[in-house]
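model the structure of this input:
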Amino acid sequence: MTHLVHVITRLDRGGSAENTLLSALGLAARGYRVTVLTGPGDDRPSTLLTRVQAAGIRVTVLPALYREVRPGRDLAAFCGLVRALRRDPPTIVHTHESKAGFLGRWAARLAGCRRLAHTPHGHIFYGHFSPARTAVYVMLERITARIATRLVALTPREIEEHLARGVGRADQWVAIHSGVPLERFQAVAPDPDGLRRELGCPPGAPLVGSVGRLAPIKRYQDLIAAVARLGRSEVVCLLVGDGPEAAALAAAARRAGVGDRVRFLGWREDIPRILAALSVFVLPSANEGMGRVIVEAMAGGVPVIATRVGGIPSVLPDGECGLLVEPGDVAGLSGAIGKLLADGPLAARMGAAGRRRALAYGVESMVEKLDGLYREILGSV
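Residues are numbered from 1 along each chain as shown. I've put the predicted structure just below:
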């Protein structure tokens, strides 16, 4: 039996964790023995984690494995990975994101495993760090890419951005989307009136919102500023999620004069219901690997506005299912929101187009492609 080991720094709520856990479930159902090596994380774990463990997939937490760079702790995490991989030798190791990708691939090599796949889940080439720090990370990515059997991007655009910086060879890369459980979002009937009553919003208030970790890379301050710039006092902005920027964003909303119209909902279990109730979904990030939540919104029939960064343009063609704006362009973001709120037929057409386009991003098709990739790796090494 093929023993597949996934390595990721955290299984918190978020796209990379959901991708990894859904992959683990799908591949276990196809006969793989799957193990997940992860760190303790900073936020609440993904709601999928219970399902993964119930399916008999072993999840081992390495206390020293965190996302942030800390040399002493990182060395301990590396040694922990080597021990875990030697104790129960894998057939294939699949690493996720930059930190776990660097430590995990080298630990796998030291433990004697040469069948290595790596999914960056986007990149850290802009929007994250200073130019000097980014240059160091790019150098490490270039070096470590050489020991990977295959590199997995979420979109074709992501492959282009890696190759442009000399990370990996073209023949190493393959694009496999991050699978979304579409049925959860397709089956929900929109009930904006019910959500308005629950949240105490004015009757008929247009609901604009986003879902994600409240972290600097998401640039939710731009969404707050764009809502303030609209000049429409009836618009309510819903932010679903939590994170280190929560207090700063609440303060920014008060300073912008929209403190009573930006609602911070925290993490919710009824995200499909909230998405379906929105007039417009907005993702103003400075960088995204793919933007799984865009697919979730499209599956719910909601028009999307997002930034032209990372893999987003591959998922959201401008003018088809929504609109693209430049990152940091508050005026452009506000104008795009205003356009869709003012043109109901256009928003409806984009929402319907999004439902159709979302069908290409299901979980089963992702799992099938990963299964094919692993079979190819088994035959090539």
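
and the contacts of stretch 33-40?
1-11, 20-21, 24, 27-28, 52, 57-67, 77, 81, 84-85, 88, 90, 100, 104 (C-beta atoms under 8 Å, 6 or more residues apart in numbering). C-beta: built from backbone N, CA, C; applies to glycine.

next, the buried residues of that stretch.
Using 16 or more other C-beta atoms under 10 Å as the test for burial, stretch 33-40 gives 33-39.

show me what counts as buried in stretch 293-309.
Those would be 293-307, 309, for stretch 293-309 by 16+ other C-beta under 10 Å.

may I ask which of these comes out lowest in pLDDT?
Across those, the bottom pLDDT score, 93, is held by V309.

might one say that that one is in contact with G291?
No - counting by C-beta atoms under 8 Å, V309 stays clear of G291, with 9.1 Å between them.

overlap in contacts of these two?
S285.

average pLDDT for the helix or strand harbouring A135?
Assigned by DSSP states H and E, A135 falls within helix 131-145. Mean per-residue pLDDT for helix 131-145: 90.

what do you get for stretch 43-63?
Across stretch 43-63, pLDDT averages out at 88.

off-centre distance for it?
18 Å (C-alpha atoms, centre = their mean, to the nearest Å).

same check, this time on stretch 238-249
17 Å.

stretch 169-184 now?
Distance, centroid of stretch 169-184 to centroid of chain: 12 Å (C-alpha atoms, centre = their mean).

go on, stretch 312-322?
That offset, for stretch 312-322, works out to 16 Å (C-alpha atoms, centre = their mean).

same check, this time on stretch 118-136
The answer for stretch 118-136 is 15 Å, by C-alpha atoms, centre = their mean.

residues touching that stretch, excluding its own?
So stretch 118-136 is contacted by 15-16, 19, 94-98, 101, 104-105, 137-138, 141, 144-145, 148, 150-154, 158, 161-162, 165, 167, 176, 178, 217, 285-290, 309-311, 327 (C-beta under 8 Å, 6+ apart).

tell me the buried residues in it?
Quick answer for stretch 118-136 (16+ other C-beta under 10 Å): 118-125, 127-128, 134.

re earlier: from the buried residues of stretch 293-309, which ones fall inside helices?
If you go by DSSP state H, the buried residues of stretch 293-309 have 293-299 in helices.

quick check, nearest of the residues you listed to V367?
Nearest to V367, judged by C-beta to C-beta, of those is V295 at 15.7 Å.

and that closest one, how far from L275?
With distances taken as C-beta to C-beta, to the nearest Å, V295 is found 11 Å from L275.

distance check, L275 against L283.
12 Å.

assign L239 to helix, strand or coil.
Three-state call for L239 (DSSP: H, G, I helix; E, B strand; the rest coil): strand.

re the thing from before, which one of the buried residues of stretch 33-40 is nearest L359?
Taking the buried residues of stretch 33-40 together and measuring to L359 by C-beta to C-beta, the closest member is V34, at 26.5 Å.

show me the shaky parts of the protein.
127, 381 (pLDDT under 70).

switch the cut-off to 80
13, 41-46, 67, 122-129, 380-381 (pLDDT under 80).

which one is the spatially most central residue of it nearest to, not counting chain neighbours?
Most central in the chain under C-alpha atoms, centre = their mean is G15, positioned 2.8 Å from the mean C-alpha point. Take G15 and drop its neighbours on the chain: the residue closest to it by C-beta to C-beta, 6 or more residues apart in numbering is R292, 4.3 Å away.

would JSON lines of the ones in helices among the buried residues of stretch 293-309 with distance to L323 be doable?
Listed next are these as JSON lines, based on distance: C-beta to C-beta, whole Å:
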{"residue": "V293", "distance to L323": "16"}
{"residue": "I294", "distance to L323": "12"}
{"residue": "V295", "distance to L323": "16"}
{"residue": "E296", "distance to L323": "18"}
{"residue": "A297", "distance to L323": "13"}
{"residue": "M298", "distance to L323": "13"}
{"residue": "A299", "distance to L323": "18"}
